[in-house]
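Novice: test case, fold it:
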Amino acid sequence: MELIVFFMFVGFVIYIKTVFKEPKKRNRKNNNYKPYVKRTTRNNTLNNKNLYDTFKTKTIYATTTEIAEDFNISAKELNKIFEQLKWATKEGKWWLATELGIRKGAKQEYNIKNKIKFITWNIKIKNNDELIYEIKNNKSKTNIDMNYKENVQKGKEYEKFVANFFINIGYKVKEYGLIHGKKDKGIDLIIMKDKHISLIQCKNWKKDGRKIKHTDLKEFIGNTTAFLENNKKEAEGYEIKRIYVTPHNILDNSAKHFLRENRVVEYINIPMS
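Specialist: Sure thing, here's the model as predicted:
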C-alpha cells in the first residue's frame, strides 16, 4: 500500500513539472516571441548606422567671408573673383549664384528676418583648381599694381625735389610732367635762366636696382627732339640742353660709352636729402 502511494506521489510531481514547463517551450517556439531587450538593442544599432550615414554624406557649406579668410583675402576680392569666373553675379547690393556657380557648389541663401540675400559655398570649393589659379593671379596683379603706384609716387616726389633744387639756385621751373601726366612725352621739368632752356628727365631709381642704359638715353633724345620740333617758336633764340637726372650714379656700361661718344645729353646726380 505504501509502495502504491509512493508511485502516485512521484507521478503527480512529474505531471506538475510537465504542465508548468510546456507553456515556456511553446512560447519560445512561437515566431512572434521577441524579447524586449533584443529588440531595443537592434533598433539602437540601426539608429546609430543611420546617423553615421547622414553625417558621412552631409554637405558642409561656408560663407564667402569664411572661404576668403582661408585664402588671406577680403570677401569683396573673393566675390569679384567669383564674378570673373561667372559663378556669381551682383544684382543691386546682393550677390546671386549663377547656374554655373550652383554646379560648382554655390547655394543661394535668404535671411527672412534681415531680408538679406547671400551665397554659401560647398567647402570643397577651396580645392577647386580654377578658383586657386584666379586667386593667385589676382594677388600677383595686386602686387604689380601696388609696386607701380608706389614707383609713380616716388617719381613724383623726386620730380618735385629736383624742381625745388633748381628754383633755389635761380631757375624758373615748369613742372611739365606733373601738369601733363602720361602725356609729358618723357619730359618732367623745363627750367629757364637767361637764354638757356633745359629739358629734364628725372628717374628716382634705387642704386641697387634698375640701371640707365644707352637705350634710355636715346629715347630721351628722341622725345626732346620731337618736343622742340613742336615748339619751335617758344624755343627760338634759346640755347637748349638735355639733362638726365638721377639720385645716384646708376649708368650701365653701354650708357657710359654712349655719353662719352655723344655730347647731346648731360647726366647729373641730385641725391635726395
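
Novice: residue 201: neighbour count?
Specialist: 24 (other C-beta atoms under 10 Å). C-beta: built from backbone N, CA, C; applies to glycine.

Novice: distance from the helix or strand harbouring it to the middle of the chain?
Specialist: Here residue 201, judged by DSSP states H and E, is contained in strand 196-202. Centroid separation for strand 196-202 versus its chain: 42 Å, with C-alpha atoms, centre = their mean, to the nearest Å.

Novice: what average pLDDT does it get?
Specialist: In this model, strand 196-202 has a mean pLDDT of 94.

Novice: what does the next helix or strand after it contact?
Specialist: As assigned by DSSP H and E, the chain's next helix or strand after strand 196-202 is helix 214-230. Helix 214-230 is touched from outside by 185-187, 199, 201, 203, 235, 240, 242, 244, 252, 254-255, 257-259, 264-265, 267, with contacts defined as C-beta atoms under 8 Å, 6 or more residues apart in numbering.

Novice: tell me which of those residues fall in helices.
Specialist: Members of these lying in helices (criterion: DSSP state H): 235, 254, 255, 257, 258, 259.

Novice: burial count for the second one?
Specialist: Applying other C-beta under 10 Å, we find 15 residues neighbouring residue 254.

Novice: emit the ChimeraX select command for whichever of the contacts of helix 214-230 are buried.
Specialist: In ChimeraX, a selection of the buried entries from the contacts of helix 214-230 looks like this (16 or more other C-beta atoms under 10 Å):
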select :186,187,199,201,203,242,244,255,258,259,265,267
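
Novice: tell me how the chain divides into domains.
Specialist: As assigned by automatic domain parsing, the chain contains the domains 24-127, 158-269.

Novice: need the winner for burial among those.
Specialist: Ranked by mean neighbour count under mean count of other C-beta atoms under 10 Å, the domains of the chain are led by domain 158-269, which reaches a mean of 15.

Novice: output the below-cut-off pLDDT ranges for this structure.
Specialist: For the chain, the stretches flagged by pLDDT under 70 are 1-7, 9-58, 140-148, 180-185.

Novice: mind listing the helices for it?
Specialist: 2-29, 36-57, 64-70, 75-84, 99-104, 129-168, 176-180, 214-230, 232-235, 253-261.

Novice: how close does the closest residue in space to residue 63 that isn't next to it in sequence get to residue 105?
Specialist: Nearest residue to residue 63 in three dimensions, chain neighbours excluded: residue 120, at 5.6 Å (C-beta to C-beta, 6 or more residues apart in numbering). As judged by C-beta to C-beta, to the nearest Å, residue 120 and residue 105 stand 9 Å apart.
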